[in-house]
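> structure of the sequence below:
(one chain, ligands or ions: 1)
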Amino acid sequence: MTLSARITGSGSYLPAKVLTNKDLEGIVDTTEDWIYSRSGIRQRHIAAEGEFTSDLALAASREALRSAGRAPSDVDLIVVATTTADQVFPSTACLLQQRLGIHGCPAFDVQAVCAGFLYALDVVYRYVATGASRCALVVGAETFSRILNWEDRTTCVLFGDGAGAMVIEASESPGILSSHIHADGAFKDLLCVPVGVSTAYQEVLDGRAYTEMQGKEVFRWAVSTLGDAVIEILDANGIEKGEIDWLVPHQANIRIIKAIAKRLDLSMDQVVVTIDKHGNTSAASVPLAFDTAVRDGRIRSGDQVIFEAFGGGFTWGSMLVKI
Ligand code: UT7
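Residues are numbered from 1 along each chain as shown. This is a model prediction of the structure:
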């Protein structure tokens, strides 16, 4: 691969409705304090009735294109990471393509749950770095609230809805420096929605396709696996911990985020934390956090940034990017 793939624009979108921990006290047997102290979450956004993943993806994409100074007609590849596609098919990427008025370029979805955005960005990185794409749109978008059991306090308090997008362009100067994605299906039962259209069509039709999680086990594996993943990326690039400016982590639990920051000897001032406001937005969490820190001026051109994420599968990954 000779070309570099640079992030030339980013955007994000959150549905208007905010659900606070206090609100959840009226829905399940929980407390404001339990949720915040165990996860770091204070509130999350919830999509309105009739608001779908493609709506969130469209708003984030328009903002990303605007910030890159690109028109939809410049885009030659669309990849959407989502666990909560609008329809079984066509893909959410095709629905997004239609709404952006783009015709002919490849458009497809990637499904790797909370690591989905890193998977999608990994694919886009390889397309751009080999010259197969010059201007790609990559999106993480979720209406995760639709696959939550609102009677299960161990899961429904943790997740939220949202979308984040990036424009990735071919460049002579460095952008994405390396990308490492992994999966191990041996852990398929620890975090899952155990039904789908092939196994239990009626449950899906009835809206009973719910997220199930062995929280403690997932927590333990997330800390050890992500800790190894961030060291893997330093070693692969021959760089020291002190050369990292920012960590943009998947936002699943503030205690996991702090553990990974510690593995990198980073102070929490160098970690982008949005979990308090967004909750866990699955595939949207990394691009939402990135866009937040770009827009408020923390992440700047020239900074060296690590992205990491971990999710159902298990799937996980890390990426080193020069902004
Ligand atoms: O994005 C994909 C990756 N996802 C993750 O990485 C999530 C990983 N897991 C976690 O973040 C944490 O395990 C949780 C936040 C899910 C849970 O925190 P924990 O410290 O592991 O708590 P726990 O599951 O051990 O539960 C402690 C207690 C239990 O009661 P007992 O058995 O000790 O009496 C739970 O029943 O807290 C109880 N509990 C709750 N209490 C109030 C569980 N959920 C709630 C709740 N409100 N919402």
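
> and stretch 149-164, how far apart are its ends?
In stretch 149-164, first residue to last residue: 24 Å (C-alpha to C-alpha, to the nearest Å).

> so which bits of that stretch are buried?
153, 155-164 (16 or more other C-beta atoms under 10 Å). Using the backbone N, CA and C atoms, a C-beta is placed for each residue, glycine as well.

> hmm, it touching the ligand?
Yes. Shown here: stretch 149-164 in contact with the ligand (C-beta under 6 Å from any ligand atom) through 153-154, 157.

> next one: that stretch to chain centre, how far?
15 Å (C-alpha atoms, centre = their mean, to the nearest Å).

> just stretch 121-136 next, same as before
Distance of stretch 121-136 from its chain centroid, counting by C-alpha atoms, centre = their mean, is 18 Å.

> now it: buried residues?
For stretch 121-136, a neighbour-count test (16+ other C-beta under 10 Å) marks 121-125, 127-129, 133-136 as buried.

> with respect to Tyr13, which of these is nearest?
Leu121 (17.9 Å; C-beta to C-beta).

> what's the following helix or strand after the one helix or strand that closest one maps to?
Under the criterion of DSSP states H and E, Leu121 resides in helix 116-129. Using DSSP H and E, the helix or strand that follows helix 116-129 towards the C-terminus is strand 135-142.

> and the gap between Val75 and the ligand?
Note on Val75: its distance to the ligand, by C-beta to the nearest ligand atom, to the nearest Å, is 29 Å.

> what does Thr53 give?
From Thr53 to the ligand the distance is 17 Å (C-beta to the nearest ligand atom).

> so how far is Val79 from that residue?
Distance, Thr53 to Val79, using C-beta to C-beta, to the nearest Å: 14 Å.

> then Ala5?
Distance, Ala5 to Val79, by C-beta to C-beta: 12 Å.

> ditto for Ile231
Using C-beta to C-beta, Ile231 is found at 28 Å from Val79.

> what about the strands in the stretch 51-200 of the chain?
Under the criterion DSSP state E, counting those that start in this stretch, the stretch 51-200 of the chain contains strands at 77-81, 107-110, 135-142, 162-171, 176-183, 191-192.
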